[in-house]
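> any chance you could fold what I've pasted below:
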Amino acid sequence: MIQQPALVNLVISSGEPAGVGPEVSLAAALAFLQEQPASTITLLADPSLIPASKIPQELSNRLQVESIALATPAIAGQLNPKNAQYVLNILDAAVKGCLEGRFDAVVTAPIQKSVINEGNVSRDDLFTGHTEYLAQLCYQEHVVMMLCATLPSGFLGLQKSRDLRVALVTTHLPLREVPGALNQQYLLETIQIVDQDLQTKFGIAKPVIRVAGLNPHAGESGYLGREEIDVIEPAIKAAKDLGIQVSGPYPGDTMFDAKALDSVDAFIAMYHDQGLAPFKFVSFGGGVNVTLGLPIIRTSVDHGTALDLAGKGLADSGSILEALRLAYQLAVNIKKRI
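Down below sits the predicted model:
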């Protein structure tokens, strides 16, 4: 007898209400449910942004819009700090549902960090992004941002399609603060988190990981900086001593070798643009952001709110559709381990 796949319940936080988040969330949800029958989706949004009339009757039992009220009506393309708390409210509800087991994974639509900071003047610290905020909600001190994309066969001479995964040691920091944010223990923990989640969530039995240096030419034996000698190399050695298959540090300009995709499961970059500039150049806007180190599954788009496209029916839902596909697969992987 053929065993039916387990039902996966996904939730989407629809993001900045003045951006493309609500419309691409709905479009991607409809497309995903058509291709994946063993799934349900809950969309968190104000009903004015995703009217029930836009959901086909045949999908209404598998796609629900759960109401989270706006503070004030949203106008497409026009940011309003009065709705900053609304954005946080839908994130809070999504994470709460995942932690309670109601949802198997959360997919997040794009938000506007600046308007959240402008609207939340009572907060003691700046809102720096989804990744950091979700870590706070889940009481995790250390999480890792990783971008994933499937590169097609023929691209860069690839004989068959390959998965590119790029994780970051530091995320949304001014460049001048990056060296001071690096230390051996933090880098070791980053490597461990990447290794662990590649096993538990991605189903890779023995992940192979490459780590970048910080300085040009990976420090040129100390002549261009000592971070490789004092921080990165000792962390890599400590990870190897724990049985992790990791190598480096590699110069940032040569680490992303297409030939390495046959054998490397994840690349770890020291800072945001070192990893995401090459990633976004080759991922054609179809990348998916995954937060590692959380007790829940979270995926997201790798683009912004696109205020200039909001409400015009021009926004591409491809990235959030890929985020739904990956969230579903990660949830299936977890269910298989239980």
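> what about Pro47, is that helix, strand or coil?
coil (DSSP: H, G, I helix; E, B strand; the rest coil).
> now do the contacts for it.
Residues near Pro47 by C-beta atoms under 8 Å, 6 or more residues apart in numbering: Val65, Ser67. To be clear about C-beta, it is placed using only N, CA and C from the backbone, and glycine gets the same treatment.
> for it, phi and psi?
Backbone dihedrals for Pro47, given as degrees, to the nearest 10, come out at phi -60, psi -20.
> oh, and call the first residue 24 from now on, that's how I've got it
OK, 24 is where the count begins now, so the last one is Pro70.
> just give me the longest helix of the protein.
In the chain, assigned by DSSP state H, the helix with the most residues is helix 341-360.
> okay, buried residues for it please.
341-357 (16 or more other C-beta atoms under 10 Å).
> give me the element Asn269 is part of.
For residue 269 the amino acid is Val, not Asn. Here Val269, judged by DSSP states H and E, is contained in strand 268-273.
> any idea how far that strand is from the chain center?
Centroid separation between strand 268-273 and its chain, computed with C-alpha atoms, centre = their mean, to the nearest Å, is 23 Å.
> ok, and what's touching that strand?
214, 218, 229-237, 241-242, 251, 255-256, 259, 262-263, 278, 291.
> who does that strand pair up with?
Looking at strand 268-273 with DSSP bridges, its partner strands are strand 231-235 (parallel).
> the stretch 24-173 of the chain: strands as residue ranges?
Taking DSSP state E, counting those that start in this stretch, the strands of the stretch 24-173 of the chain run over residues 31-36, 62-68, 86-90, 128-131, 167-174.
> tabulate those strands in a markdown table, adding columns for mean pLDDT.
Below are the strands of the stretch 24-173 of the chain laid out as a markdown table (pLDDT from 0 to 100):
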| stretch | mean pLDDT |
| --- | --- |
| strand 31-36 | 98 |
| strand 62-68 | 97 |
| strand 86-90 | 95 |
| strand 128-131 | 98 |
| strand 167-174 | 95 |
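> and those: which comes nearest Leu210?
Closest of the strands of the stretch 24-173 of the chain to Leu210 is strand 167-174, at 10.9 Å (criterion: C-beta to C-beta).
> put the alpha carbons of that closest one into CSV.
Only the C-alpha atoms of strand 167-174 are listed here, as CSV (Å, rounded to 0.1, in the frame of the first residue of the first chain):
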residue,chain,number,x,y,z
VAL,A,167,22.4,32.1,11.2
MET,A,168,21.1,33.6,8.0
MET,A,169,21.5,31.3,5.0
LEU,A,170,20.5,31.9,1.4
CYS,A,171,19.6,29.0,-0.9
ALA,A,172,19.1,28.6,-4.6
THR,A,173,19.1,25.9,-7.2
LEU,A,174,21.4,26.7,-10.1
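> could you identify the helix or strand that succeeds that strand?
Defined by DSSP H and E, the subsequent element after strand 167-174 is strand 185-191.
> give the buried residues for that following strand.
Arg185, Leu187, Arg188, Val189, Ala190, Leu191.
> now swap in stretch 218-230 and tell me
Residues of stretch 218-230 classed as buried: Asp218, Asp220, Leu221, Gln222, Lys224, Phe225, Ile227, Pro230 (neighbour count, 16+ other C-beta under 10 Å).
> show me which of those residues is closest to Pro175.
Taking C-beta to C-beta as the measure, Pro175 sits nearest to Phe225 out of these, at 19.6 Å.
> give the contact list for the closest one.
By C-beta under 8 Å, 6+ apart, the contact list for Phe225 reads Asp288, Leu353, Asn356.
> also Val287?
So Val287 contacts Val231, Ile232, Arg233 (C-beta under 8 Å, 6+ apart).
> the second one against Ile214, yeah?
Yes: with the criterion set as C-beta atoms under 8 Å, Ile232 and Ile214 qualify as a contacting pair; they are 6.5 Å apart.
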